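>>> quick one, structure for this:
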Amino acid sequence: MSHADPLLAFRRRANRHALEDGVADLFAGAYAVIAGAATQRTTYLALAVVYLGMLASGWKFAHARVSTGRTGYAESVDQPQLAVLTGILASAVLSLAVVAAATLSQGRLWELSHWPTWAPLVAGVVLAAGFAHTALRSGLWRWGLYALASIAGGVAFWLLPFGARINPSDRLTLLLFSLGGLLILTGVVVVLHFTRTHPVVAEESGRGA
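As a prediction, the model looks like this:
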């Protein structure tokens, strides 16, 4: 007897519809940039908290502005894809938490010079998990590429010999800025492509033939 979820295909289709317009890429990219700034200045942590607080309403508004009237897809009141997007952003938070906790044994919690050199690797792996999960939930290949970029970037910024000018926290900052730039750039391209290939559907006049 098969125990497969009969609604799995519909949920995947809903997630794909929610993420195909590129808006989620922009939101995730913006958060990666904010998180990167927070590794340098703790004042940006407050901005990260505010950003997470407005995520649901901000994403829903932006997604509606881009997709409504273009796909003819009926939106559900309970958006399952918000959990997917929140999971991506939570991955960045977890990365910062793990790295920050590791500095406790070395001194102050946010002492940048005491951040471990493997910080980018941890962040890259955790973020890759979030991106891969999104790729599986939506079936969109570009999120799988984000996962590969996270792993590759994590290894690169961990091992590259930058010299004394770049401290361990700078390595994590560069990774998050790079991923943020990739997400934002890709998001812009996807949004432009989506709006060009999905013209606004004219409303029916209601008249008979």
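>>> okay, now Val23: neighbour count?
Counted with other CB atoms under 10 Å, residues neighbouring Val23 total 25. All C-beta spots, glycine's among them, are computed from the backbone N, C-alpha and C.
>>> for it, what are its contacts?
By CB atoms under 8 Å, 6 or more residues apart in numbering, the contact list for Val23 reads Trp59, Ala62, His63, Val66, Ser67, Gly187, Val191.
>>> please repeat the previous calculation with a cut-off of 10 Å.
Shown in contact with Val23 (CB atoms under 10 Å, 6 or more residues apart in numbering): 58-67, 85, 187, 190-191, 194.
>>> likewise Thr197?
Taking CB under 10 Å, 6+ apart as the test, what Thr197 contacts is Arg70.
>>> so it versus Phe10, what's the distance?
Per CB to CB, to the nearest Å, Thr197 is found 23 Å from Phe10.
>>> helix, strand or coil: sort out Leu52 for me.
Leu52 carries the three-state label helix when classified by DSSP: H, G, I helix; E, B strand; the rest coil.
>>> and the pLDDT at the most centrally placed residue in the chain?
Centroid check for the chain by CA atoms, centre = their mean gives Ala28 as the closest residue, at 3.1 Å. In this prediction, Ala28 carries a pLDDT score of 88.
>>> which SSE is immediately downstream of the helix or strand bottoming out on mean pLDDT in the chain?
Least confident element among the helices and strands of the chain, by mean pLDDT, DSSP states H and E: helix 81-102 (a mean of 68). Sequence order places helix 119-138 as the next helix or strand after helix 81-102, per DSSP states H and E.
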